[in-house]
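*Asks:* Got a sequence here, can you model it:
(2 chains)
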Amino acid sequence: MMSIEGFFDIALIIALVALATGQILSMVRLVIGPTTGDRILALDTMVINALGLIIVLGIHQGVKVYFEVALLVAMLGFVSTVALARFLLRGDIIE
Amino acid sequence: MTLSMLATLGAALSLLIGSGFVIVGVIGLLKFNDPMTRLHAPTKVGTLGIGMLLLASILNAMAAGDPSMHELLIMAFLFVTAPVSANFIAKVSIHKRTCEAPPKPLKDGTWSTLDAPKDE
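*Replies:* All right, here's what the predicted structure looks like:
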């Protein structure tokens, strides 16, 4: 019977592998397109996957500072997605 | 089984559920064949996947005897901003006419995002 700590370590590795695979697959979607909306969506998904990687790394190392990094990355990802979409919609970001 | 072991078990299960949602959402982003259907898959990554990872982080800090609620802030921010960015990407798809056009509105002639000058 596996100990709970061993199960937790295996779950951490599975989560890291899933997030890294997600980064690679959304990068494939970023490259093959075909529309601009798909590329923006793939970039947004990559930012969210990077956020998950930071969170899982914070759990693994037990460092609290990673959560502030995650919050900053979440804000930057939202602002960049909205800026890209607004640029395509209006031809300008701040009118 | 003590409370700390239970919290660790919950954190491990949350990690597994969260990574399952992440992988399903990204496969959906890659496999679907229409911009609007592709839009619906990664929203699960943003809300349920990352939400479960943050829940695992809360439970793990609780198991370590140092409970913190910072993660709820990230969760609240993500839950508020994910629909806004999805709405903007959907508006880009409608504006670029890469999806099926929505039905005409009742009062005006067309949607404002489709009402662009033709020379653009």
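
*Asks:* residues touching the closest residue to residue A:57 other than its chain neighbours, list them.
*Replies:* Closest residue to residue A:57 apart from its sequence neighbours, by C-beta to C-beta, 6 or more residues apart in numbering or on different chains: residue A:66 at 6.3 Å. Just so you know, the C-beta spots here come from the backbone N, C-alpha and C atoms, and that holds for glycine as well. Applying C-beta atoms under 8 Å, 6 or more residues apart in numbering or on different chains to residue A:66 gives the contacts A:54-55, A:57-58.

*Asks:* Can you check which helix is longest in chain B?
*Replies:* Longest helix in chain B by number of residues, with DSSP state H as the criterion: helix B:3-31.

*Asks:* Can you list the neighbours in contact with the helix or strand following it?
*Replies:* Scanning forward in sequence from helix B:3-31 by DSSP states H and E, the next helix or strand is helix B:35-40. Helix B:35-40 is contacted by residues A:29, A:35, A:37-38, A:41, B:28-29, B:32, B:86, B:89-90, B:93, B:98-100 when judged by C-beta under 8 Å, 6+ apart.

*Asks:* What subset of those is buried?
*Replies:* Among these, those buried by neighbour count (16 or more other C-beta atoms under 10 Å in any protein chain shown) are A:29, A:35, A:37-38, A:41, B:28-29, B:32, B:86, B:89-90, B:93, B:98-99.
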